[in-house]
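A.B. asks: below are the sequence and a predicted model for it; my questions follow.
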Amino acid sequence: MEVSGKRRDPDLNKGSDDTTVFCQPCEEEGKRSVAQGFCQTCQEYMCDPCIKAHKKFKVSRNHIMLSKDKMPSFYPSTKQSDIGVTEYCKTHPNEMIKFYCPTHSDLGCGDCVVIGHRTCKVDYIADVSKDFTNEREFRELEPSIKRAEDLLSGCISKVKELFDEVEHQSKDEIDRLRKFRAEINTYLDRREKELLGDIEKMKTEDESVLTELKTDYELAKCGLVATRTELTSGTDSVNQRYVTARRARRNYGVFIQDGKDGW
């Protein structure tokens, strides 16, 4: 007797009562290949090429695949597609999300419920989802999401405007800073030039005064040398040396001190 979902291979096991399970995806294409594994997630028997293809794609590569020695010997009476397929649990990657906890607004698999929601009243998604799409909550969800999208679009535009404002403010502050620095540099250059001019003028005046003073001292020294020569000369008369001495007191008295050295 053929069991539902099983086919007897006319070319194999002739004369045997054993049954052979065939690849379901291949059967849908009109082909017949012996199943070498069973996808527990899709609830389908598959041959080796289909198993390899199943593991290749991102959407099905994490499906639970049972090897030939562990796969069921008959098609399950209830397929996963009959109760609805959900995504895999992030906490338990090998389990599918089947429950919703209204208390914590949390989705999870059976392991999640046992571990984290043991005292909570959870909803079994396969039961509560049957009429959900006809309920007011579901009908109002899409418009609410659209309004939220519009609101977020406005927020994003506002943030972009603020970005531009921050950029402009930053540029203005940098321009003001550089302008202020240029003004300071101009002021310092001008003051440096003025002070250098003042210093040069003071230097010239001081050098002129010192040059004049040096000339006076040199002339006074020459005069004193000549006076001393006249005073010590034996050829001049006593009267002439008296005149020379008085003239020296009058002309160079500021440099001559009786019995003292110095000015």
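C.D. replies: Great, that's in hand. Numbers count the residues shown, from 1 in each chain.

A.B. asks: mind giving me the domain split of the protein?
C.D. replies: 1-83, 137-252 (automatic domain parsing).

A.B. asks: quick one: closest of these to residue 112.
C.D. replies: domain 1-83 (17.1 Å; CB to CB). In short, each C-beta sits where N, CA and C put it, glycine included.

A.B. asks: quick check: residue 31 vs residue 23, distance?
C.D. replies: Here residue 31 is placed at a distance of 8 Å from residue 23 (CB to CB, to the nearest Å).

A.B. asks: so these two - more neighbours on which side?
C.D. replies: For residue 31 versus residue 23, the count of surrounding residues by other CB atoms under 10 Å is larger for residue 23: 23 against 11.

A.B. asks: start to end distance for stretch 93-108?
C.D. replies: This stretch, stretch 93-108, spans 11 Å end to end (CA to CA, to the nearest Å).

A.B. asks: avg pLDDT for that stretch?
C.D. replies: Stretch 93-108 shows a mean pLDDT of 89.

A.B. asks: repeat for stretch 128-147
C.D. replies: Rounded mean pLDDT across stretch 128-147 is 87.

A.B. asks: mind checking how far it is from the chain centre?
C.D. replies: 39 Å (CA atoms, centre = their mean, to the nearest Å).

A.B. asks: and what of stretch 225-236?
C.D. replies: Distance, stretch centre to chain centre, for stretch 225-236: 97 Å (CA atoms, centre = their mean).

A.B. asks: ok, back up a step: least reliable of the domains of the chain by average pLDDT, please.
C.D. replies: Minimum mean pLDDT among the domains of the chain: domain 1-83, a mean of 72.

A.B. asks: hmm, residue 60 and residue 40 touching each other?
C.D. replies: No - Residue 40 lies out of contact with residue 60 (CB atoms under 8 Å); the separation is 11.8 Å.

A.B. asks: state the distance from residue 175 to residue 166.
C.D. replies: Residue 175 sits 15 Å away from residue 166, going by CB to CB.

A.B. asks: now residue 240
C.D. replies: 100 Å.

A.B. asks: who has more neighbours, the two?
C.D. replies: residue 240 (13 against 10).

A.B. asks: end to end, how far does stretch 130-138 reach?
C.D. replies: Using CA to CA, one end of stretch 130-138 lies 12 Å from the other.

A.B. asks: actually stretch 110-126, not the one I wrote
C.D. replies: This stretch, stretch 110-126, spans 13 Å end to end (CA to CA).

A.B. asks: list the buried residues in it.
C.D. replies: 112-113, 117, 122, 125 (16 or more other CB atoms under 10 Å).

A.B. asks: so which of those comes closest to residue 170?
C.D. replies: Taking CB to CB as the measure, residue 170 sits nearest to residue 112 out of the buried residues of stretch 110-126, at 48.8 Å.

A.B. asks: which residue is nearest the centroid of this structure?
C.D. replies: residue 163 (15.5 Å; CA atoms, centre = their mean).

A.B. asks: tell me the SS of that one?
C.D. replies: helix (DSSP: H, G, I helix; E, B strand; the rest coil).
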